[in-house]
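Got a predicted structure here, sequence first:
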Amino acid sequence: MTSTSQPPEPAATPSPPTAAARRVRWWPALVILALALLVYAALWFIPHLSQQHFNLHVAQVVIGTSLLLVLWLLLFSRLRWQRRLLCLGVIVLSLAAVAALFRIRGVTGNLVPILEPRWARREFQQLSSSAGAKATLAARSDAALATAIPGAADFPQFLGPTRDTKLPGPRLATNWTVQPPALLWRQPVGAAWSGFAVAGSVAVTQEQRGEDECVVAYHLTTGRLLWSHTARTRYFTTLAGEGPRATPTLARGRVFTQGATGILSCLELETGQLRWSLNIFTNNQTRMPGWGQACSPLVLGDWVIVAPGGHHDRSLVAYRVDDGSFVWGAGKEGDTYSSPMPVTLGGVRQIVLFADRLVGHDAATGKPLWKHPWPGGHPHICMPVVASDSELIVSSGYGTGSARVRVERDAEGNWQAKQLWRSNRMKAKFTNLVLHRGFLYGLDDGIMACLDAANGEFKWKDGKYGHGQVLLVDELLLVMAEDGTVVLVDPSPDGLHELTRFTALHDKTWNPPALAGEYFLARNDKEAVCFRLPVRTP
């Protein structure tokens, strides 16, 4: 019998991939985006979260979401590999193009990055070509540089003559549309967060010009360069910005300046001639704080007082005005970005410093008399506010708030500080607060707010002015907003009463303004201006 074999079955050919197999797997990306939105929404409901911390958390959410989406694209999307790599290449090239065309020029007060083109260049009045720490006179047509100007008044130091944001006048006109401020001059300046100090016709500030940290004097009403002094040093970080941060102090015909890297100098107001100079960090065996030295020098009698920080009984130091010789050092506090404040508490003249803690030093010896704890982990910047002959108000940002503190002696004669109230409704980051007719006014995380100074009771919060500065002029608040707008506010516990406004500058403005009588000086890290403000007639 003949057997016949069956022909072999043909090999199975692979079937083409189904539509479902090729379909992009979108659901992981949608889950990632949904979770990101949920986290973002949850941040809004965290109690007392500062705007700075909110923005930092949002940045973390954006970065984390972006990385997860890239991971989804490469591993879980089911896109063809050519498309995955093409998308990845587009992402990388886009980021590279942005980095090549723009740079981060610091951040806003709420820690939002500010971008500027890499080809942007600064221009300003050229100083003399002489190098080193030597003063150079630019022009001397005035009979005397410190000649008084009609309508002007001295603004000789940080926050005004009494170092407390309060000016007795002039009585400013309240409608700048009908009576607009008169622009006297506007010009580029070197980077810095310093303000102006004014004596007579001389307005002095500090600037960073290239590798030189400069003290520069301008004529008050013309902006003409009078003299400059340079030192070869530079402070810069992406977040903090560039240049010096302190405001000069004018006293006894001299200019006292504190540089960002620690250089304390004494110059002649008339000529800019250097009398003496030293570095407070090397002199006191301490280090520069992370955001640069911001302490504006305090002149008391024959001494100039600064705050180098540190733990070697040198957190507050006095030098002789005439020659810069060491007088005394005291305190073991760390870094501070606030400035020494002269006060009288309990009948005793003291110097209060807001460092790691709030500390009161004897003004004659520097000896620490009392201390009051304060939350750390963030810069302490705001100047203490004198609330009575035995009480202070202190404030800081980053969600911390304000408190009123009573300073007095106990039965044994020992000093003690006791907190009377605490409020999270006034968080002064850069701004300095104003106490007026029993109520506290200031920028709470960039928004104008009012508290009852007696008990800390919240009254209102309104007006988004950013992290700027405030002066009390006669009975009105003069607000220098972070965006360069100048606003006049009638302070009242009943609510925000904005009277008038005008635009003085066009960029981020953290610098404290100066008002020398009718002459308003403002600056930021790019330009400076002087306006003559209209005043009310009798």
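Yep, that arrived. Numbers count the residues shown, from 1 in each chain.

Any figure for the gap between Arg467 and Ala318?
For the record, residue 467 is His, not Arg. 31 Å (C-beta to C-beta, to the nearest Å). To be clear about C-beta, it is placed using only N, CA and C from the backbone, and glycine gets the same treatment.

Pick out whichever of these two has more residues nearby.
Remark: of His467 and Ala318, Ala318 carries more neighbours, 25 against 22, as counted by other C-beta atoms under 10 Å.

That one contacts Gly366, doesn't it?
Yes. Taking C-beta atoms under 8 Å as the definition, Ala318 is a contact partner of Gly366 at 6.2 Å.

what's the overlap in contacts for those two?
Common contact partners of Ala318 and Gly366 (C-beta atoms under 8 Å, 6 or more residues apart in numbering): Trp328, Gly329.

pLDDT weak spots in the stretch 401-538 of the chain?
Within the stretch 401-538 of the chain, no range satisfies pLDDT under 70.

ok, which stretches of it are strands?
401-409, 415-423, 434-436, 439-444, 447-452, 458-464, 469-473, 476-480, 485-489, 498-503, 514-516, 519-523, 527-532 (DSSP state E, counting those that start in this stretch).

Can I get these in a markdown table including distance to Val299 and mean neighbour count?
What follows is the strands of the stretch 401-538 of the chain, written out as a markdown table (distance: least, C-beta to C-beta, whole Å; neighbours: other C-beta atoms under 10 Å):
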| stretch | distance to Val299 | mean neighbour count |
| --- | --- | --- |
| strand 401-409 | 24 | 20 |
| strand 415-423 | 25 | 15 |
| strand 434-436 | 23 | 19 |
| strand 439-444 | 26 | 26 |
| strand 447-452 | 32 | 22 |
| strand 458-464 | 35 | 15 |
| strand 469-473 | 21 | 22 |
| strand 476-480 | 25 | 23 |
| strand 485-489 | 29 | 21 |
| strand 498-503 | 34 | 15 |
| strand 514-516 | 17 | 26 |
| strand 519-523 | 20 | 25 |
| strand 527-532 | 24 | 22 |
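
between the ones you listed, which gets nearest to Arg105?
When the strands of the stretch 401-538 of the chain are compared by C-beta to C-beta, strand 527-532 sits nearest Arg105, at 13.9 Å.

how about stretch 281-289: buried residues?
Phe281, Asn283, Asn284, Thr286, Met288, Pro289 (16 or more other C-beta atoms under 10 Å).

Which strand or helix spans Trp193?
For Trp193, there is no helix or strand it lies in under DSSP states H and E.

what does stretch 236-247 contact?
Taking C-beta under 8 Å, 6+ apart as the rule, stretch 236-247 contacts 104-107, 111, 157-158, 190-197, 205-208, 213, 234-235, 257-260, 290-297, 337, 339, 512, 525.

Just the buried residues out of those, in ChimeraX syntax.
Here is the ChimeraX selection string for the buried members of the contacts of stretch 236-247, based on 16+ other C-beta under 10 Å:
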select :105,106,107,111,157,158,190,191,192,193,194,195,196,197,205,206,207,208,213,234,235,257,258,259,260,291,292,293,294,295,296,297,337,339,512,525
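
per-residue confidence at Glu116?
Looking at Glu116, its pLDDT stands at 86.

Over to it: give its phi and psi.
Note on Glu116: its backbone torsions stand at phi -140, psi 150 [degrees, to the nearest 10].

Contacts only, for it.
Phe102, Arg103, Arg105.

I'd like to know which elements the helix ranked longest in the chain is packed against.
Ordering each helix of the chain by length in residues (DSSP state H) puts helix 51-75 first. Contacts defined by 3 or more C-beta pairs under 8 Å, 6 or more residues apart in numbering; DSSP states H and E place helix 51-75 against helix 27-43, helix 81-101.

And the shortest one, what does it pack against?
Looking back up the chat, that one is helix 27-43. Counting contacts by 3+ C-beta pairs under 8 Å, 6+ apart, helix 27-43 is packed against helix 51-75.

could you give the angle of the helix it packs on to helix 27-43?
170 degrees (axes from the mean of the first three to the mean of the last three C-alpha atoms, to 10 degrees).

related to what we said a few turns ago, just send the buried residues of stretch 281-289 back as JSON lines, with pLDDT and secondary structure too.
Putting the buried residues of stretch 281-289 into JSON lines (pLDDT from 0 to 100; DSSP: H, G, I helix; E, B strand; the rest coil) gives the following:
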{"residue": "Phe281", "pLDDT": "95", "secondary structure": "helix"}
{"residue": "Asn283", "pLDDT": "93", "secondary structure": "helix"}
{"residue": "Asn284", "pLDDT": "93", "secondary structure": "coil"}
{"residue": "Thr286", "pLDDT": "91", "secondary structure": "coil"}
{"residue": "Met288", "pLDDT": "92", "secondary structure": "coil"}
{"residue": "Pro289", "pLDDT": "91", "secondary structure": "coil"}
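
quick check, nearest of these to Asn175?
Using C-beta to C-beta, those come closest to Asn175 at Pro289, 43.4 Å.

how about the closest residue to that closest one other than its chain neighbours, what does it touch?
Nearest non-adjacent residue to Pro289, counting by C-beta to C-beta, 6 or more residues apart in numbering: Asp335, 3.7 Å away. Contacts for Asp335 were tallied using C-beta under 8 Å, 6+ apart; they are Pro289, Gly290, Gly309, Ala355, Asp356, Pro379.

most neighbours per residue, which of the helices and strands packed on helix 51-75?
helix 27-43 (a mean of 13; mean count of other C-beta atoms under 10 Å).

Give me the contact list for it.
49, 54, 57-58, 61-62, 64-65, 68-69, 72, 76-77.

what separates that helix from the chain centre, distance-wise?
34 Å (C-alpha atoms, centre = their mean, to the nearest Å).

try stretch 198-214
Distance of stretch 198-214 from its chain centroid, counting by C-alpha atoms, centre = their mean, is 18 Å.

Mean confidence (pLDDT) on that stretch, please.
96.

which residues of the stretch 251-400 of the chain score low on pLDDT?
Using pLDDT under 70, nothing in the stretch 251-400 of the chain is flagged.

before we move on, back to that, could you dump the contacts of helix 27-43 into CSV with distance to Arg245 and neighbour count added?
Converted to CSV, the contacts of helix 27-43 look like this (distance: C-beta to C-beta, whole Å; neighbours: other C-beta atoms under 10 Å):
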residue, distance to Arg245, neighbour count
Leu49, 27, 13
Phe54, 25, 18
His57, 27, 16
Val58, 27, 16
Val61, 32, 17
Val62, 30, 12
Gly64, 33, 14
Thr65, 35, 18
Leu68, 39, 17
Leu69, 40, 17
Trp72, 45, 18
Phe76, 49, 12
Ser77, 49, 18
